[in-house]
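Peer 1: A predicted structure for the sequence below; I have some questions about it.
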Amino acid sequence: MTLTTELMPFEEAMARFDPVLGLEVHVELNTASKMFCGCPTAFGAEPNTQVCPVCLGLPGALPVVNGAAVEAAVRIGLALNCQIAPWCRFARKNYFYPDMPKNFQTSQYDEPIAFDGWTEVDVDGEPFRVEIERAHMEEDTGKSLHVGGSTGRIHGADYSLLDYNRAGVPLIEIVTKPIEGTGARAPQVARAYVAHLRELLLSLGVSDVRMEQGSLRCDVNLSLRPDPGAPFGTRSETKNVNSLRSVERAVRFEVSRQAAVLAADGHVVQETRHWHEDTGETTPGRSKEQAEDYRYFPEPDLVPIAPPREWVEELRAGLPEPPREHRARLQAQWGLSDLDMRDVVGAGALPLVEQTVDAGAPPQAAKKWWLSELARRANERGVELTELPITPAQVAEVQALVDAGRVNDKLARQVIEGVLAGEGTPEEVVSARGLEVVSDDSALGAAVDRAIEANPDVAQKIRDGKVAAAGALIGAVMKEMRGQADAARVRELIIDRLS
Ligand SMILES: [Zn+2]
């Protein structure tokens, strides 16, 4: 697709306009079954194997609300400091789309289960308050796969395939109120908010929040106005921005695009826009200038939801520590600097490091493994840290081997490589690959003797008192023993023999 979009440099746009953000996040809950039927929700199953008359919308099928999903919705609402509706209903949102077999989506309209909340996010170490409009329950649609076109979109495709496994999976849609006052930090605030939600939802245990698998999806609304006091401008809605980095880039792009339109005396069209990960651009989608009419009406097949007050209070009392407080406590316990902590959080590694420390690793070591060796491996494979086939407990086990002097740093990296390759636990990899450090004097002594014999000049220097020359002999021994010698012991043996 060729683009003729005019852009104004971001800094210039920020000098001339004031941005207003709005973020809509859809979260797939990790309940075992769907929102209104007993079908399983596991990701990645064969297409159309997790369906039944209810989620296919067959005539006469009757839905039943998933209690676990309601509980998750209430907990999310409470964690976002929302009011919980004492009574609310589901509504039918009527529209036709092939991936929605019922021809309506069961959602909530004017009676969301949670509303009027707020949350505080961390923007480069500074707190920023975001007001929450609502969090409501709904169900996911199926998935369309457009085959034959170059873009994966329906235009130009030869045919389309439909998979209804996802149809009916419980969703919570969390909508912010307009976010004002960000100024030029709008891209960072948007990113920080989504990162914060991800952390919050993870701590609640209600979703696996994998943006790359679509279990957390973000729509970015943005408008510009001449100055902070002015009425809101017309907004665009960029759909399905599915990584933290993309959220930030999408905001930057829309700021630059809309600023160019407004500066040329044009008007911003109210529309949905598509995000292009490869080019970092948005392109027009559906125009929203004519308001859509979904003909919402209360769902006649479902009873209203009326969460008892005592139950809501019980759930409130059982909420985990909020992410910012949790982070502050861990940082103090671990003795990490602000910068170190920001690195851990920014890498999405906080829960992993925390679990590794809980499994017995020193905090610095836990941080080091996840942020260096494992981050590099995840990067090579193009996956998130959480998707690597190694558990925090196994990382702690590798560190325990290091601390016991059984492997050195270099061997520890080979142990990790073995675990990632599916060769077993760290202990199993060590024995299968024979990775243990050799500190046995008879084996080391023989190698030391050979090194001395092969390097008479170096040996003479050491005899003459140039102890620094021992490095060359240690190197020779390490090489012979494929890096598995205890270097400190080798050094002692060399000095012993040559003094
Ligand atoms: Zn079903």
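Peer 2: That came in fine, so what should we check first?
Peer 1: please enumerate the helices of the stretch 1-150 of the chain.
Peer 2: Here the stretch 1-150 of the chain has its helices, by DSSP state H, counting those that start in this stretch, at 10-16, 67-79.
Peer 1: can you name the residue of the stretch 351-499 of the chain nearest to the ion?
Peer 2: Going by CB to the ion, the ion is nearest to E387 of the stretch 351-499 of the chain, at 27.4 Å. Every C-beta, even on glycine, is put in place using the N, C-alpha and C of the backbone.
Peer 1: now swap in the stretch 251-400 of the chain and tell me
Peer 2: D301 (14.3 Å).
Peer 1: got the buried residues for stretch 197-211?
Peer 2: By neighbour count on 16 or more other CB atoms under 10 Å, the buried set for stretch 197-211 is 197-204, 206-211.
Peer 1: quote the end-to-end distance of that stretch.
Peer 2: Using CA to CA, to the nearest Å, one end of stretch 197-211 lies 12 Å from the other.
Peer 1: residues contacting that stretch, please?
Peer 2: 25, 27-30, 72, 75-76, 79-80, 119, 172, 174, 215-218, 242-244, 319-323, 326, 345, 348, 350-351, 384, 386 (CB atoms under 8 Å, 6 or more residues apart in numbering).
Peer 1: how about stretch 295-314?
Peer 2: 36, 62-63, 65, 70, 74, 78, 84-94, 106, 109-110, 113.
Peer 1: swap in 7 Å and give it another go.
Peer 2: With CB atoms under 7 Å, 6 or more residues apart in numbering as the test, stretch 295-314 has contacts from 62-63, 65, 70, 74, 84, 86-94, 106, 109, 113.
Peer 1: list buried residues within those.
Peer 2: Buried among the contacts of stretch 295-314 (16+ other CB under 10 Å): 63, 65, 70, 74, 84, 88-93, 106, 109, 113.
Peer 1: name the residues of the stretch 51-200 of the chain found near the ion, please.
Peer 2: Applying CB under 5 Å from the ion, we find that the stretch 51-200 of the chain lies next to the ion at 52, 54-55.
Peer 1: in a markdown table: the residues you listed, plus pLDDT, neighbour count and distance to N455.
Peer 2: Shown next, in a markdown table, are those (pLDDT from 0 to 100; neighbours: other CB atoms under 10 Å; distance: CB to CB, whole Å):
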| residue | pLDDT | neighbour count | distance to N455 |
| --- | --- | --- | --- |
| C52 | 97 | 14 | 76 |
| V54 | 97 | 21 | 78 |
| C55 | 96 | 27 | 74 |
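Peer 1: pick the one among the residues you listed closest to D338.
Peer 2: C55 (47.4 Å; CB to CB).
Peer 1: name the nearest residue to that closest one, ignoring sequence neighbours.
Peer 2: Among residues not flanking C55 along the chain, G168 sits closest, at 3.5 Å (CB to CB, 6 or more residues apart in numbering).
Peer 1: output the contacting helices and strands for the longest strand seen in the chain.
Peer 2: Criterion DSSP state E: the longest strand present in the chain is strand 126-139. Applying 3 or more CB pairs under 7 Å, 6 or more residues apart in numbering; DSSP states H and E, one finds that strand 126-139 makes contact with helix 67-79, strand 104-107, strand 114-123, strand 170-176, helix 186-204.
Peer 1: generate JSON lines for those, with mean pLDDT as supplementary columns.
Peer 2: Shown next, in JSON lines, are the helices and strands packed on strand 126-139 (pLDDT from 0 to 100):
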{"stretch": "helix 67-79", "mean pLDDT": "98"}
{"stretch": "strand 104-107", "mean pLDDT": "96"}
{"stretch": "strand 114-123", "mean pLDDT": "95"}
{"stretch": "strand 170-176", "mean pLDDT": "98"}
{"stretch": "helix 186-204", "mean pLDDT": "93"}
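Peer 1: any chance of those in a markdown table with distance to P456 as columns?
Peer 2: Converted to a markdown table, these look like this (distance: least, CB to CB, whole Å):
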| stretch | distance to P456 |
| --- | --- |
| helix 67-79 | 72 |
| strand 104-107 | 83 |
| strand 114-123 | 62 |
| strand 170-176 | 74 |
| helix 186-204 | 61 |
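Peer 1: just to revisit the earlier point, the residue nearest to C55: what secondary structure?
Peer 2: coil (DSSP: H, G, I helix; E, B strand; the rest coil).
Peer 1: ramachandran coordinates for it?
Peer 2: phi 100, psi 0 (degrees, to the nearest 10).
Peer 1: for it, list the residues it contacts.
Peer 2: Going by CB under 7 Å, 6+ apart, the list of residues near G168 reads 34-37, 39, 55, 139-140.
Peer 1: what helix or strand is V345 on?
Peer 2: helix 338-346 (DSSP states H and E).
Peer 1: in that helix, what's buried?
Peer 2: 340-342, 344-345.
Peer 1: quick one on the thing from earlier: how about the secondary structure of the residue of the stretch 251-400 of the chain closest to the ion?
Peer 2: Quick answer, by three-state DSSP: D301 is coil.
Peer 1: domain map for this structure?
Peer 2: 10-311, 321-433, 441-498 (automatic domain parsing).
Peer 1: circling back to that earlier point, pick the most deeply packed of the helices of the stretch 1-150 of the chain.
Peer 2: Most buried of the helices of the stretch 1-150 of the chain by mean neighbour count (mean count of other CB atoms under 10 Å) is helix 67-79; its value is a mean of 21.
Peer 1: contact partners of it?
Peer 2: So helix 67-79 is contacted by 29, 31, 35, 84, 113-114, 117, 135, 137, 170, 172, 200-201, 204, 206, 305, 307, 312, 315-316, 319 (CB under 7 Å, 6+ apart).
Peer 1: chain center to it, what's the gap?
Peer 2: 21 Å (CA atoms, centre = their mean, to the nearest Å).
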